[in-house]
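Q: Pasted the sequence and its predicted model underneath.
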Amino acid sequence: MQNNLFGSKPVTLSPAMVSAQASFMSKVYMWMSMGILTTGLVSYAIGTNEELAMTIASNRGLFWVLFLAQIGAVIFLSAAMKKISAFTATVTFGLYAALTGVTMSIIFLIYTQQSIFQVFALTSFAFAGLSAFGYFTKKDLGPIGSFCMMGLWGLIGMAIASIFFPSLMGGQMGMIVSLLGILIFSGLTAYDTQKIKNMYHTESRPGEAMEKAAIFGALILYLDFINLFMYLLRFTGDRRK
């Protein structure tokens, strides 16, 4: 899920504002890293307990409750970010990251641990490069972001359709969808980084407003990272035998 609340067109800043902008982005990456760490630890703790992971995977009611709670947390943060306190935003983001770790724990039932760790490392390097490009480029990535957003809606449509027609995500079609997901979230990573970087210019008020903007930016990049990881895992991951 993405949010176009902030523009992506690059702006010209003074040297002092460039330094402050870099500090803001450091907070964004810090919160994003904390979210990924939380998700990873929760996912590993549950996923390496096969009985507990099987309980979550086999209980469709519980899985859907967890999934809907995740969607609710993202919607809440997106819609109420300007109204809630920085503390509430932080707690909600942390809760969302933990819930994501619970639902993602089932990947340990599907893929080998070695494969999961290798794809995580690959995702980390790819994300770092793509985000660096989005941060330093002078080119307006708005057109790329718009194109990727259209592709994202197509992926969402495919995911919904696969609930009724599971074969859509299987075999060669599943590989094509995974490849498209990798390309789309690669583009969104660069675009969103540039967009979040420009949040400092849009939300250049000190104090709590900037803290909330940093958390919201972290959420966006967190979603890009997690989705890129999942599509890479589906495309290249080694399944357990």
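A: Received the coordinates, thanks.
Q: ok, I220 - how many residues close by?
A: By other C-beta atoms under 10 Å, 26 other residues sit near I220. No exception for glycine: its C-beta is placed from N, CA and C like everyone else's.
Q: From the contact counts, what lies against the helix or strand harbouring it?
A: Under the criterion DSSP states H and E, the helix or strand holding I220 is helix 208-236. Where contact means 3 or more C-beta pairs under 8 Å, 6 or more residues apart in numbering; DSSP states H and E, helix 208-236 is packed against helix 15-47, helix 60-80, helix 86-104, helix 113-136, helix 171-197, helix 199-202.
Q: between the ones you listed, which one is nearest to D224?
A: Counting by C-beta to C-beta, D224 lies closest to helix 171-197 out of the helices and strands packed on helix 208-236; the figure is 4.6 Å.
Q: quick one on the thing from earlier: buried residues, the helix holding I220. List them.
A: Within helix 208-236, the residues that qualify as buried are 210-235, counting by 16 or more other C-beta atoms under 10 Å.
Q: just stretch 139-151 next, same as before
A: By neighbour count on 16+ other C-beta under 10 Å, the buried set for stretch 139-151 is L141, G142, I144, G145, C148, M149, G151.
Q: Where does pLDDT dip in the chain?
A: Applying pLDDT under 70 to the chain flags the ranges 1-17, 166-170, 200-206.
Q: Try it again at 50.
A: The model of the chain has pLDDT under 50 over residues 1-8.
Q: Just give me the residue closest to the centre of it.
A: With distances taken as C-alpha atoms, centre = their mean, the residue of the chain nearest its centroid is L223 (1.1 Å).
Q: how big is the angle separating the helix holding I220 from helix 60-80?
A: Counting by axes from the mean of the first three to the mean of the last three C-alpha atoms, to 10 degrees, helix 208-236 lies at 140 degrees to helix 60-80.
Q: Report the distance from helix 208-236 to the chain centre.
A: Here the centre of helix 208-236 is set off from its chain's centre by 3 Å, with C-alpha atoms, centre = their mean, to the nearest Å.
Q: do stretch 54-62 as well
A: 23 Å.
Q: Tell me which residues of it come out buried.
A: Under the neighbour-count criterion of 16+ other C-beta under 10 Å, stretch 54-62 has I56, A57 buried.
Q: List the contacts of that stretch.
A: Applying C-beta atoms under 8 Å, 6 or more residues apart in numbering, the contact partners of stretch 54-62 are I46, F63, L66, V102, T103, S105, I106, L109.
Q: Most widely separated two among those residues?
A: Across the contacts of stretch 54-62, no pair lies farther apart than L66 and L109, at 15.5 Å, counting by C-beta to C-beta.
Q: Among the contacts of stretch 54-62, which one sits closest to A161?
A: Distances from A161 to the contacts of stretch 54-62, taken as C-beta to C-beta, are shortest for F63 (19.1 Å).
Q: any idea how far S33 is from the closest one?
A: With distances taken as C-beta to C-beta, to the nearest Å, F63 is found 27 Å from S33.
Q: A53 too?
A: A53 is 25 Å from S33, where distance means C-beta to C-beta.
Q: do the same with G47
A: G47 sits at a distance of 20 Å from S33 (criterion: C-beta to C-beta).
Q: do W153 as well
A: Applying C-beta to C-beta, the value for W153 to S33 is 28 Å.
Q: So those two - more neighbours on which side?
A: More neighbours surround S33 than the other of W153 and S33, with 14 against 11 (other C-beta under 10 Å).
Q: which other residues reach stretch 176-188?
A: For stretch 176-188, the external contacting residues (C-beta under 8 Å, 6+ apart) are 2, 126, 130, 144-145, 147-149, 151-152, 154-155, 158, 168-169, 224, 227-228, 230-232, 234-235.
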